[in-house]
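Colleague: Sequence plus predicted model, see below.
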Amino acid sequence: MLLPMRQIFQEMAAEKLRLGLTILAVAWATLCIAAMLAVGEGIRQGVLRTAQNGNGNLIYLTGGMATVDYGAFHQGKFLTLKVDDTDVVKALPEVKSVAPTAIWNERITVGDRGSWQEPLAVTTDFASMTNLTPMDGGRWLNPLDQKQMRKVVVLGYSLAADLFNPVDDFSWFAPVTLQTDPVGEKVKIGSEEFTVIGVLKKSSAEIEQGDQINYSSFVPLATWQRFHTNGDIGGINVEPRANTDRKKLAETIRQVIARKHGASVSDEQVVQVEDMFLKQKSMQQFLIGLQSFLGIIGFVTLAVAGVGIANVMYATVKRSTRDIGVRMAVGATPTAIRLHYLVQSLMTMMLGGVLGLGVTYALVSAISAINLEGNVFYEHLGKPVPELSWIVVAIVITTLVIIGVASAWLPANRAAKVSPLEALQSE
């Protein structure tokens, strides 16, 4: 039996004020759930891009503090990594490559301008392990730089702009743009003069302890050792081979380093091991949980709007009792009556849903159109952009259908159970 769409529209028109307000409530609730899911998806994708651009496959080692007395190590004694620790780590069959790093505890300056991130002393392999790419006209540190202990430095994009294209009034929201090529220019690290040999391409990735690549600088590790002869280093980046049990490898590395330094191999704090892959996997799980939480909030908001639809349906059923009786008297089945009001509820939900999704799409498009490249605050957040993906749209539409059916189910059942005789006698 065909649904009497004309009658559905007439009933909706009779409740135009209530229905209009309900549609606006549904549109607002749809905007809330879609916007929150889009923001969550944007953050999740931003984290994923950061992981792909940076050191997402590495295991990072730093020295720790002993928690048990063992040999020369007493509780509270700090284990400092040495350059030759890389040899015992690299000897492990599960390890593909290693890259020791050390922080040069001096600011990098040009005149009275300086960086807030200290230079990082690295080996040649560091770039390939962390996906660093110099801009055209410059280069990365090469083996000859290491062998000859050259005083050369590679700058992050934003750092190069700050040093050579400074702005008078710094702002976290102002774009950072490199207008001149600093390759060949001189900078100072402490009192030592270095030559700029390259500038890295822009990247949203971070290195080691959360430092932004765009604001970092890199010098040869051998050059750093020329001025720091004790052999101490800050950390070791380890790239495992494919299909390696990462947790087992991390534990093995911790034990071989502890054994080499004469510390207890059972002390889990004496060597700090941070698996970037597992860390980012945990972050992904957290963001999916956050997205689910935002979705639940949006669902509840939409459910509240569904109460309004239920009220409108009850009012419509009560006003149309006589019409329902006439339809049933001429052969309409309870299923047809029930379907009539379910369709009316779904149409209301979809009208509000389409309006809400349209506004959400417009907002997301407007935000995405804003040029934030080079914006300091934006880069520190990992360049997140709200994404109204098809998955988000599918979740919103499914939610609308579920709440639309649930809102009309009781009123529709009430209408389907109307007695034709009693309905025809009603006023």
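Modeller: Arrived safely, thanks for sending.

Colleague: residue boundaries of the helices in the protein?
Modeller: Counting by DSSP state H, the chain forms helices over residues 5-14, 16-53, 85-90, 126-130, 143-147, 157-164, 221-227, 246-261, 276-319, 321-329, 334-369, 376-380, 390-416, 420-425, given from the N-terminal end onward.

Colleague: how about these, which one is nearest residue 68?
Modeller: Among the helices of the chain, helix 246-261 comes nearest to residue 68, with 10.8 Å by C-beta to C-beta. The way it works is simple: take the backbone N, C-alpha and C, and place the C-beta from them, glycine included.

Colleague: List the contacts of that closest one.
Modeller: 59, 61, 73, 79, 81, 85, 88-89, 92, 94-95, 238, 240, 264-265, 267-268, 270-271, 273, 275, 277-278 (C-beta atoms under 8 Å, 6 or more residues apart in numbering).

Colleague: Pull out the buried members of these.
Modeller: If you count burial by 16 or more other C-beta atoms under 10 Å, the buried members of those come out as 59, 61, 73, 79, 81, 85, 89, 92, 95, 238, 240, 264, 267-268, 270-271, 273, 275.

Colleague: in the chain, what secondary structure element scores lowest on mean pLDDT?
Modeller: helix 376-380 (a mean of 58; mean pLDDT, DSSP states H and E).

Colleague: which stretches of this protein have low pLDDT?
Modeller: Within the chain, the segments meeting pLDDT under 70 span 1-8, 10-12, 14-15, 47-56, 166-177, 204-211, 371-384, 418-427.

Colleague: Domain boundaries for it, per the record?
Modeller: According to automatic domain parsing, the chain is divided into the following domains: 5-54+281-425, 59-276.

Colleague: before we move on, back to that, dump the helices of the chain to a markdown table, plus distance to residue 113.
Modeller: As requested, those are exported to a markdown table (distance: least, C-beta to C-beta, whole Å):
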| stretch | distance to residue 113 |
| --- | --- |
| helix 5-14 | 67 |
| helix 16-53 | 27 |
| helix 85-90 | 34 |
| helix 126-130 | 26 |
| helix 143-147 | 25 |
| helix 157-164 | 6 |
| helix 221-227 | 22 |
| helix 246-261 | 39 |
| helix 276-319 | 32 |
| helix 321-329 | 80 |
| helix 334-369 | 33 |
| helix 376-380 | 15 |
| helix 390-416 | 44 |
| helix 420-425 | 84 |
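
Colleague: Could you look over those and pick the most buried one?
Modeller: Burial among those, expressed as mean neighbours by mean count of other C-beta atoms under 10 Å, is greatest for helix 157-164, which shows a mean of 24.

Colleague: CA atoms only: put it into PDB for me.
Modeller: As requested, the backbone C-alpha atoms of helix 157-164 are provided in PDB (Å, rounded to 0.1, in the frame of the first residue of the first chain):
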ATOM      1  CA  TYR A 157      62.700  26.100   8.400                       C
ATOM      2  CA  SER A 158      61.100  28.300  11.100                       C
ATOM      3  CA  LEU A 159      64.300  28.700  13.000                       C
ATOM      4  CA  ALA A 160      66.000  29.900   9.800                       C
ATOM      5  CA  ALA A 161      63.200  32.400   9.200                       C
ATOM      6  CA  ASP A 162      63.400  33.700  12.800                       C
ATOM      7  CA  LEU A 163      67.200  34.100  12.500                       C
ATOM      8  CA  PHE A 164      67.400  35.700   9.000                       C
END
